[in-house]
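# Give me coordinates for this.
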Amino acid sequence: MEKTEKIDYSESQNDQAGQQVDLAPENVASIQEVDEIPPDKGYAWLILFAGVLNYMMPFGTLNAFGVFQTYYLLVMFPNEPARNISWISTMALSCSYIGSIFASSLIARFGLRGTNLIGTLVGAGGFLLASFSTKVWQLVLTQGVLFGIGGSILINVSVVVPSLWFEKHLGLAIGTVIAGTGLGSLIITPITTQAIKAVGISWTFRILALMYCVLTGVGTIVFKPRKHFVSAKSVINLQHLKDPVALLLCFAGFLVVTGYTCGTLYFPATIVALGTTKQYASNLIMVFSVFSMTGRILSGQLARRLGSVKILIFSHAMNGLVMILLWNLGKSVPVYIVAYSLIGLFSVPLFTLSSVIIANHYPKKYISQVNGLVSLFMGAGAILGIPLVGLVFDVVGNRTDYKWVKIIGAISYFSTIICFVLLRIYLIKSDPKYRLSPL
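Predicted coordinates:
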């Protein structure tokens, strides 16, 4: 950790002295070099494809965690408190964020391809070891910690590479890569559901380990920088928190994770409680994934016209309202389906747009580092928030009433709006030209 380093963000500015970079993706500053490969063309789209595959396994599996959560609660560990079982998903999600802080130093030492390979081996190894696990604590270490750390490294590499290869279409590129989460869910959810029924949980993990190696291995082969690229060597630098942009994104990330996981982890179980089957609930995860994938792509593309911060404010307000009005007060399956679809559509912009904002606001050598810092706060939010929700479900809800799970999820989304409003005010006041820009 470098506590005394003075961070210079001047590289992220345009040629005119003192002019800051607009959050709109088309205004990303570039470093022109002799014989550099043109951005947004040719090999950039192969990079984009590999990035989508990279995102499919880590977060695609996390989005499908409702299948595992339902299986653990109802079949594998029926007598285990929900708060104990929740530590599996807690560590998987939190390590998927926290582990990103190591990506910058790994990239500096091993390059993009070497770092991607490390993420593949660690993540697939977590799945393989999980196949031999029979206790909750064993799954916490394997499906939780190892899988999460491996995935976090891949995720960070995946959002750094588009910033090196895209300029005009940066928002679309990052949104498309992160949309791999939804695509992964569409593939992994039915495979996981059917595999558990056909060959059991152990062989399901082995199948997922093989898929992990094949899909993320593509990035190890094709990833490379478009031009000379130097990544910050330090694991983490808290000096970035002196910049209000990083600070507010970190706080928003800390708050939003609890609300996001309330939907992904508990919604399948709540619809089973209405009288549907576990298979029906698993199928709905795929519906959620389609809307989630759509939301990620649209938010990245619309950021150019409407502004990243406006999209974040609107989306998180909508998600809070849906959780309170439809999911909490709704009592029928059709209402739940509408609620789940809308939550999928509006719950994901921060995961896309924080990366877009960071890629536009900071020099390229700091992108991985700042992404890692925001991810660290998200991981901290997961470590605190997910067990708290599990405790409330156990104690207040008596393991049958999901009311407070839904309310906590809504409060989580509403609270992030404060961060986004402050972010918009800061950007407008810091430079008059933001008053004419989509924020």
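# so the residue most central in space within the chain, which of the three states?
Centroid-nearest residue in the chain: residue 351, 4.9 Å away (criterion: CA atoms, centre = their mean). Here residue 351 is recorded as helix under DSSP: H, G, I helix; E, B strand; the rest coil.
# Does anything pack onto the host helix or strand of residue 158? Which helices or strands?
Per DSSP states H and E, residue 158 falls inside helix 147-165. Packing contacts for helix 147-165, counted by 3 or more CB pairs under 8 Å, 6 or more residues apart in numbering; DSSP states H and E, involve helix 43-56, helix 58-63, helix 82-98, helix 103-130, helix 170-178, helix 180-222, helix 349-361, helix 364-395. The C-beta positions use only the backbone N, C-alpha and C, and glycine is treated the same way.
# Check what pLDDT the closest residue in space to the residue nearest to the centre of the chain that isn't next to it in sequence gets.
Distances taken as CB to CB, 6 or more residues apart in numbering put residue 178 closest to residue 351, at 5.7 Å, once the chain neighbours are dropped. At residue 178, the model reports a pLDDT of 79.
# for residue 178, what are its contacts?
Taking CB atoms under 8 Å, 6 or more residues apart in numbering, we find residue 178 in contact with 55, 59, 159, 296, 300, 348, 351-352, 355.
# Residue 86 too?
Counted by CB under 8 Å, 6+ apart, residue 86 has contacts 265, 386-387, 389-390.
# Over to the residue nearest to residue 37 when sequence neighbours are not counted. Which of the three states is it?
Leaving out its chain neighbours, the residue that sits closest to residue 37 by CB to CB, 6+ apart is residue 226, at 5.0 Å. Under three-state DSSP, residue 226 falls in the coil class.
# For the contacts of residue 86, work out which two are farthest apart.
Pairwise distances across the contacts of residue 86 (CB to CB) peak at 11.6 Å, for the pair 265 and 387.
# Residue 359 - how many residues pack around it?
Per other CB atoms under 10 Å, the neighbour tally for residue 359 reads 28.
# So that it lines up with my notes, have the first residue be 359 from now on.
Right, with 359 as the first residue, what we last looked at is residue 717.
# So for residue 678, what pLDDT did the model give?
95.
# An error on my part: the question was meant for residue 791.
For residue 791, the predicted pLDDT is 60.
# do residue 572 as well
93.
# And for residue 472?
On the pLDDT scale, residue 472 gets 92.
# mind listing what it touches?
residue 464.
# Pass me the low-pLDDT residue ranges in the stretch 659-797 of the chain, would you?
Within the stretch 659-797 of the chain, the ranges that satisfy pLDDT under 70 run 789-796.
# hang on, the earlier thing: make CSV out of the contacts of residue 536 and add distance to residue 529.
Converted to CSV, the contacts of residue 536 look like this (distance: CB to CB, whole Å):
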residue, distance to residue 529
413, 16
417, 19
517, 12
654, 11
658, 4
706, 14
709, 13
710, 8
713, 9
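# related to what we said a few turns ago, neighbours of the residue nearest to residue 395, just the number please.
Counted with other CB under 10 Å, residue 584 comes out at 20.
# now residue 436
8.
# SS state for it?
Quick answer, by three-state DSSP: residue 436 is coil.
# what does residue 632 give?
Per three-state DSSP, residue 632 ends up coil.
# re earlier: ramachandran coordinates for the residue nearest to residue 395?
phi -80, psi -30 (degrees, to the nearest 10).
# didn't it look like it was pressed against residue 523?
Yes - using CB atoms under 8 Å, residue 584 is in contact with residue 523, at 5.0 Å.
# Spit out the residues that contact the two alike.
Contacts common to residue 584 and residue 523, judged by CB under 8 Å, 6+ apart, are 397, 401-402.
# which of the residues you listed count as buried?
397, 402 (16 or more other CB atoms under 10 Å).
# So among the shared contacts of residue 584 and residue 523, where is pLDDT lowest?
residue 397 (76).
# Need the phi and psi values for that residue.
For residue 397, the backbone dihedrals (degrees, to the nearest 10) come out as phi -80, psi 170.
# and the closest residue to residue 557 other than its chain neighbours, what does it touch?
The spatially closest residue to residue 557, leaving aside those adjacent along the chain, is residue 565, at 7.9 Å (CB to CB, 6+ apart). Contacts for residue 565 were tallied using CB under 8 Å, 6+ apart; they are 549, 553, 557.
# again with residue 493
Here residue 493 is in contact with no residues (criterion: CB under 8 Å, 6+ apart).
# Roughly how far does it sit from residue 442?
Residue 493 sits 10 Å away from residue 442, going by CB to CB, to the nearest Å.
# Alright, that wraps it up for me.
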